[in-house]
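Colleague: I would like to see how this sequence folds:
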Amino acid sequence: MSAARMTGRVLRGVGGLYTVRGEDGREYVLRARGRFRREGLAPMVGDNVRFTPGRDEEHGWLDEILPRVSQSLRPPAANITLQVLVIAPEPEPDLMLVDRLLVHAGQSGFAALLCINKCDLDDRLAGVIAEQYRGAGIEALATSACTGAGLDTLRARMLPEVSCMAGQSAVGKSTLLNALMGLRLRTGGLSERIRRGRHTTRHAELLEANGLTVLDTPGFSLLSLDARLAPHELQDWYPEYEARAAACRFQPCMHDAEPGCAVLGAVAAGELDAARHARYRTLLQEVRQTWKARYTR
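Modeller: Next up, the predicted model:
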C-alpha cells in the first residue's frame, strides 16, 4: 500500500535530494520525479510541493511543484516576498551590487529592504546611504547584531514575509539571522589580508524559527543582470525616474546623455542623487553591450 501524498515546502536541495518540511512539521528527504527533468523543471528552495513520503529508510518522491508567486534564478529560489539587502561599514559597501540586487528584486517579483548593519562601527553611514535611496522609495534600516539596535524593527518587518538576505560576504547576514531567529549559524569574518568576506553559507537553505521564514544564501560578490533586459527597460527599476520621465524631450529617453532629459536636469539640480545615477549609467552601458551581443552567442 503506497503512502498518502502530502504538501510541504522545500527547505534545501543538495546532490539531487530535497529536504521538505511537511504539513505535519516533520522533515522528509525526497527525490524529484524524472518527469521534471524531461519537462525542463527543477524544484527550488521555497517551492510549495506535493510529495509522497518514503517508507523506513527509503527516500520519498517529490511529485508536484505548486504555482509560484515569485521566482529568482540567482539564488535559485521560489516564493520569496522580501529581499533584505545587507551592507555594512566593513567590508566597504558595494553600492553597485545593491543597485543590481534592487533590479534583480524587481524582476523577480519581490519587495526590497535596505539593511545597514554594524551601525555600532559607524553611526553616520546609514544616513549617508539612506539618502542615496530615499528618492527611490527604498526603505532603509540601521541595525547592529552586536548591540541589538534596530533588530526589533527589522524582525517586525520580516514577520509576515518569506525573506531572502543578500549582500556581500562578512556584512553580518548570518550574525543577524542568529540574533533574529535564535540560531547558531556559523559566522565568518573579514580576511585580514584583503579585507573581504569569507563565505560561510555554502548552499541556499530556507530557515524557519522564531516566527520568521528566511532564505539563507551564500554572499554575493558579482551579480549579472538578466540578459533579456532591454536597455530601455532598465529605468523601470529606478522608481525615482518615473515621475520625471514624461517631461523628457525624447521618448523613450534613456536618461544618459540626451538633450532635454528631465532626469539629468534633476541630477544636475541635486534633486536626484548623482552617485546613484552614475552607477545607473554604468549598468546601462553593460545592458546595452549584452543586448547588442544577444544574437552573436
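
Colleague: how about the strands in the protein?
Modeller: Secondary structure of the chain (DSSP state E): strands at 6-14, 17-22, 27-32, 48-52, 60-65, 71-73, 76-78, 82-87, 111-116, 139-142, 162-166, 205-209, 212-216.

Colleague: highest average neighbour count across these?
Modeller: strand 162-166 (a mean of 26; mean count of other CB atoms under 10 Å). Where you see a C-beta, it was placed from the backbone N, CA and C, and this is true even at glycine.

Colleague: angle of that strand against strand 6-14?
Modeller: Strand 162-166 runs at 10 degrees relative to strand 6-14, counting by axes from the mean of the first three to the mean of the last three CA atoms, to 10 degrees.

Colleague: so what's the gap between strand 162-166 and the chain middle?
Modeller: 6 Å (CA atoms, centre = their mean, to the nearest Å).

Colleague: switch to numbering from 58
Modeller: With 58 as the first residue, the last one maps to strand 219-223.

Colleague: just checking, what packs against it?
Modeller: strand 139-144, helix 230-238, strand 269-273 (3 or more CB pairs under 8 Å, 6 or more residues apart in numbering; DSSP states H and E).

Colleague: lowest-pLDDT helix or strand in the protein?
Modeller: strand 128-130 (a mean of 84; mean pLDDT, DSSP states H and E).

Colleague: show me what contacts Gly163?
Modeller: Ala169, Asp293, Trp294 (CB atoms under 8 Å, 6 or more residues apart in numbering).

Colleague: need the residues you listed in TSV (columns: pLDDT and distance to Gly73).
Modeller: Output for the contacts of Gly163, formatted as TSV (pLDDT from 0 to 100; distance: CB to CB, whole Å):
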residue	pLDDT	distance to Gly73
Ala169	94	32
Asp293	94	37
Trp294	94	35
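
Colleague: output those residues as JSON lines; include the columns distance to Leu154.
Modeller: Shown next, in JSON lines, are these (distance: CB to CB, whole Å):
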{"residue": "Ala169", "distance to Leu154": "13"}
{"residue": "Asp293", "distance to Leu154": "19"}
{"residue": "Trp294", "distance to Leu154": "14"}
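
Colleague: domain map for this protein?
Modeller: 63-124, 129-273, 288-349 (automatic domain parsing).

Colleague: out of the ones you listed, deepest packed?
Modeller: Burial of the domains of the chain is given as mean neighbour count (mean count of other CB under 10 Å); domain 129-273 ranks first at a mean of 19.

Colleague: what is the end-to-end distance of that one?
Modeller: 14 Å (CA to CA, to the nearest Å).

Colleague: one more: stretch 142-158?
Modeller: Note: stretch 142-158 ends 8 Å apart using CA to CA.

Colleague: give the contact list for Val344.
Modeller: Leu282, Leu286, Ala287, Pro288, Leu291.

Colleague: verify the stated contact: the last one with Arg338.
Modeller: No: applying CB atoms under 8 Å as the test, Leu291 and Arg338 come out as separate, 10.0 Å apart.

Colleague: hmm, back to that, make JSON lines from the helices and strands packed on strand 219-223 and add mean pLDDT and distance to Val160 to it.
Modeller: Converted to JSON lines, these look like this (pLDDT from 0 to 100; distance: least, CB to CB, whole Å):
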{"stretch": "strand 139-144", "mean pLDDT": "94", "distance to Val160": "11"}
{"stretch": "helix 230-238", "mean pLDDT": "91", "distance to Val160": "20"}
{"stretch": "strand 269-273", "mean pLDDT": "90", "distance to Val160": "19"}
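
Colleague: let's have those in a markdown table, adding distance to Asn105.
Modeller: Converted to a markdown table, the helices and strands packed on strand 219-223 look like this (distance: least, CB to CB, whole Å):
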| stretch | distance to Asn105 |
| --- | --- |
| strand 139-144 | 17 |
| helix 230-238 | 21 |
| strand 269-273 | 12 |
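
Colleague: closest one to Arg92 among these?
Modeller: Of all the helices and strands packed on strand 219-223, it is strand 269-273 that lies closest to Arg92, at 26.0 Å by CB to CB.
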